[in-house]
Structures are given as structure tokens and as C-alpha cells.
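>>> Fold the following.
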Amino acid sequence: MITQIIQNVILGIIQGLTEFLPVSSSGHLNIAEHLMGMSDGGIFLDVMLHIGTLAAVLIFYRKLIWRLIKAFFSLIKDIFTGKFRWSQMDGDRNLIIMLIIGLLPLFLLFLPIPAIAEGVDKLKDLADLFKESSLFIVTGIALLVTSLLLFIGIQCNKRASGKHFKKDDNNDYEGNGRTRYGVLDAIAVGFGQLFAALFPGLSRSGTTLAVGEMRGINKQAALDYTFVLGVPSIIAAAVLEAKDIPKSSLNTESIIAVLCGVVAAAVVGYLAIKLFKWLLKTDKMIIFVIYTAVVGLAVVGISVYEMLTNTVVRFV
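The predicted structure is shown next:
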């Protein structure tokens with residue numbers, strides 16, 4: 001049991017760090033499982049780690065999320081009473097509608113596709129296929145793409161025109177770029193999140209942040225949108241996985257071990273959000289550009305070695 005607790009805590013730390021930092025949680029979990037010979041812990045652990053990271057973002061953004069909940073019900077009331085006016089939306093209502101639009105591309109994950117492998121008949125199944133050991137190189141390439149996107153996002157943010165800046169009543173964003181998303185901005189970010197869901201190594205937070213910056217959005221506004229957009233995405237992922245949890249995994253020892261992983265994911269996730277916002281504010285995002293490039297190249301190198309020698313590299 002002690003071994004299982006240690007493994008779950010390690011996975012929880014990895015999940016908490018990489019769910020929010022722009023380095024890809026799925027990619028790093030895949031790397032840990034591949035190089036350390038670790039089990040993925042099963043569906044139950046996956047669901048609970050998602051809940052741990054969900055708790056982190058809900059606590060960190062509790063004030064904003066509470067504002068959005070109140071604004072949502074007020075918006076619904078105005079729609080049904082005929083008082084809603086698109087041109088008169090405040091910042092919170094705009095954010096709610098743009099979050100909804102940004103989530104729409106995710107429904108394409110359930111789009112049927114020609115069966116290219118056993119059990120792969122929907123777009124979302126490609127994510128599981130790309131996690132296979134034989135396709136480990138996909139994770140490396142995706143990390144390199146993440147590095148490139150982050151670099152482009154940094155350059156776009158530097159070039160964003162200050163004249164587009166508009167301060168809302170409920171924010172204190174500083175710097176260049178627009179603070180409000182438009183429909184095209186939300187759609188673009190939504191498709192970025194869709195692609196990130198398919199490829200382990202392609203960071204969801206990094207991709208959506210970079211796409212927002214490419215669209216001329218203020219970097220801090222883009223980051224807040226990214227994290228809040230992740231709330232329904234994390235909930236949906238947990239719900240979809242929860243229905244497949246085998247009852248055999250729900251025993252006292254496994255639950256205790258999993259809860260240790262959840263606590264680790266929540267605590268580390270909260271700290272990761274604070275770190276990410278500080279690094280973005282102080283223009284130190286180049287750290288993640290370098291890190292994902294180095295890790296991506298290392299994974300590609302290991303993958304090529306494995307393919308040439310027909311062996312599997314293990315570090316433990």
C-alpha cells in the first residue's frame with residue numbers, strides 16, 4: 001500500500017504541476033509511465049486526479065467564478081424577459097458567452113471517424129491511441145509544437161497594440177492587447193483546446209494561451225480565460241471517465257492511496273497557477289519554451305532509439 005501511495009502522490013504532483021503549467025499534463029504522465037514503467041493507476045485514479053486539479057482552480061478563481069455564476073443567472077433572466085442586449089454586455093456576461101462558444105469545438109471529440117484501430121471509432125479515441133508505447137514519439141513532437149506555440153504567443157503579445165487595451169470594471173489587467181474575447185477569438189481558442197485534447201504533449205493551457213495572444217488578447221486576460229475554460233473541460237473529462245470505473249477498484253486501501261494523490265494534485269495545482277500567473281506577468285515565459293523544447297527533443301531521441309533497437313527504455 002505504501003508503494004501505491006508514493007506512486008499516486010508522484011502522479012498527483014505531476015498532474016497538479018502540468019495541468020496548469022504550459023507543459024502538458026497528459027504528455028508528462030505519459031513520459032512518467034513510459035520511462036519509469038509506472039502503471040497509469042486506472043480510471044479511478046485518473047478521475048480523482050482531475051477532481052484534485054479542479055479543486056485547485058475553483059479555489060484560486062473562487063471570486064471570479066462566483067461572479068460568473070451570478071452573471072449567468074442574471075443573463076438567463078434577461079434573455080427570457082427580452083431585456084438582453086448583445087451590445088450592452090458587461091465584462092462578466094461577455095466572458096460567460098465566450099466561454100460557452102469556446103467549449104463548442106470539444107463536441108467534435110465525439111465525431112465518428114473511420115476505424116483505424118480496435119476501439120478507435122470516435123475522434124476522442126485518438127488520444128488513447130497516441131498514448132501507446134509504440135507511438136511515444138507523438139508525445140515528443142507534440143511537446144515541440146507546444147514550445148513553438150508558446151514562442152509565437154510571446155512574440156504576438158509583444159507586438160499587440162496598446163490602443164486595443166480597454167479596462168473593464170471587474171479587472172485590473174495591465175499591458176497590451178484586448179481584455180475581451182470576441183466570437184472568432186473564442187472559436188479559435190476552442191479549436192486549440194480540441195487539438196490539445198487529442199495529442200499527449202500538446203499543452204491545453206499553453207495552446208489556448210498562445211492562441212489568445214495570437215488573436216491580440218492581453219496575456220493575463222488570456223490566461224484567466226484559459227483556466228476558467230478548463231473548469232467545464234475537467235468536469236466533463238471526469239464524468240466521462242467515471243462511468244467506466246470498475247467496482248473492484250473501490251476498496252479501502254485503493255481509496256486511501258488515491259486520496260493522497262488527489263491532495264497532492266490540488267495543493268501543487270494551486271501553487272502552479274500562482275507560479276504561472278507570476279511568470280507570465282514578469283515576462284519569464286521563455287522558461288517554458290526552452291523546457292518543452294528540451295523535453296520534446298529528448299523524447300523524440302529516446303523514441304528513435306527505441307525504434308532502431310527494438311527496445312523500451314526504462315530509467316528505473
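>>> where's the host helix or strand of Gly301 relative to the chain centroid, distance-wise?
When elements are assigned from DSSP states H and E, Gly301 belongs to helix 286-309. How far helix 286-309 lies from its chain's middle: 20 Å, per Cα atoms, centre = their mean, to the nearest Å.
>>> Show the backbone phi and psi for Asp121.
Phi and psi for Asp121, reported as degrees, to the nearest 10, are phi -130, psi 0.
>>> and the closest residue to it other than its chain neighbours, how many neighbours does it have?
Distances taken as Cβ to Cβ, 6 or more residues apart in numbering place Ala115 nearest to Asp121, at 5.0 Å, with adjacent residues excluded. Every residue, glycine included, has its C-beta placed from N, CA and C. With neighbours defined by other Cβ atoms under 10 Å, the count for Ala115 comes to 11.
>>> what do you get for Gly27?
26.
>>> Would you agree it is in contact with Thr18?
Yes: assessed by Cβ atoms under 8 Å, Gly27 is found in contact with Thr18 at 7.4 Å.
>>> residues of the helix or strand harbouring Lys63 that come out buried?
Element membership for Lys63 (DSSP H and E) is helix 62-80. When burial is assessed from 16 or more other Cβ atoms under 10 Å, helix 62-80 yields the following buried residues: 64-65, 67-68, 71-72, 74-75.
>>> Low-confidence bits of the chain, can you list those?
1, 38-44, 160-172, 241, 243-253, 316 (pLDDT under 70).
>>> that older thread, list residues touching both of Gly27 and Thr18?
Each of Ser203 lies in contact with both Gly27 and Thr18 under the rule Cβ atoms under 8 Å, 6 or more residues apart in numbering.
>>> since we're on Ser205, how many residues are nearby?
Neighbour count for Ser205, taken as other Cβ under 10 Å: 27.
>>> Let me see the contact set for it.
Shown in contact with Ser205 (Cβ under 8 Å, 6+ apart): 19-22, 223, 226-227, 230, 276.
>>> how about the residue most central in space within the chain, what does it touch?
Geometric centre of the chain, nearest residue: Arg204, 3.5 Å, by Cα atoms, centre = their mean. Applying Cβ under 8 Å, 6+ apart, we find Arg204 in contact with 24-25, 193, 196-197, 226, 230, 233.
>>> mind checking the longest helix of the chain?
helix 252-281 (DSSP state H).
>>> so it versus helix 286-309, what angle?
Calculated by axes from the mean of the first three to the mean of the last three Cα atoms, to 10 degrees, helix 252-281 forms an angle of 130 degrees with helix 286-309.
>>> Leu271 versus Lys284, what's the distance?
According to Cβ to Cβ, to the nearest Å, Lys284 stands 16 Å off from Leu271.
>>> out of the two, which sits in the more crowded spot?
Neighbour totals were compared for Lys284 and Leu271, and Leu271 leads with 15 against 11 (other Cβ under 10 Å).
>>> Pull the contacting residues for that one.
Counting by Cβ under 8 Å, 6+ apart, Leu271 has contacts Gly16.
>>> out of the contacts of Arg204, which is most surrounded?
Counting neighbours by other Cβ under 10 Å, Ser24 leads the contacts of Arg204 with 30 neighbours.
>>> May I have the phi/psi pair for the nearest residue to that one once chain neighbours are set aside?
Distances taken as Cβ to Cβ, 6+ apart place Ser203 nearest to Ser24, at 4.1 Å, with adjacent residues excluded. Main-chain dihedrals, Ser203, degrees, to the nearest 10: phi -70, psi 130.
>>> For the chain, which segments count as helices?
Using DSSP H, helices in the chain cover 2-20, 25-36, 42-60, 62-80, 91-103, 125-130, 136-159, 183-198, 204-214, 219-242, 252-281, 286-309.
>>> With respect to Leu109, which of those helices lies nearest?
helix 183-198 (6.3 Å; Cβ to Cβ).
>>> contact partners of the closest one?
Residues contacting helix 183-198 (Cβ under 8 Å, 6+ apart): 24, 98-99, 101-106, 108-109, 123-124, 126-127, 130, 181, 202-204, 206-208, 210-212, 214-215, 217, 225-226, 229, 233.
>>> and with 7 Å instead?
98, 101-106, 108-109, 126-127, 202-204, 207-208, 211-212, 215, 217, 229, 233 (Cβ atoms under 7 Å, 6 or more residues apart in numbering).
>>> top strand in the protein by residue count?
Scanning the chain for the longest strand, with DSSP state E as the assignment, gives strand 112-117.
>>> thought Leu149 was touching Gly206?
Yes: contact between Leu149 and Gly206 holds when scored by Cβ atoms under 7 Å: they sit 6.2 Å apart.
>>> and the two? which has more neighbours close in?
Neighbours were counted for Leu149 and for Gly206 using other Cβ under 10 Å; Gly206 has more, 28 against 25.
>>> Tell me if I'm right that the more buried one and Ile152 touch.
No: using Cβ under 7 Å as the test, Gly206 is too far from Ile152 to be in contact (10.9 Å).
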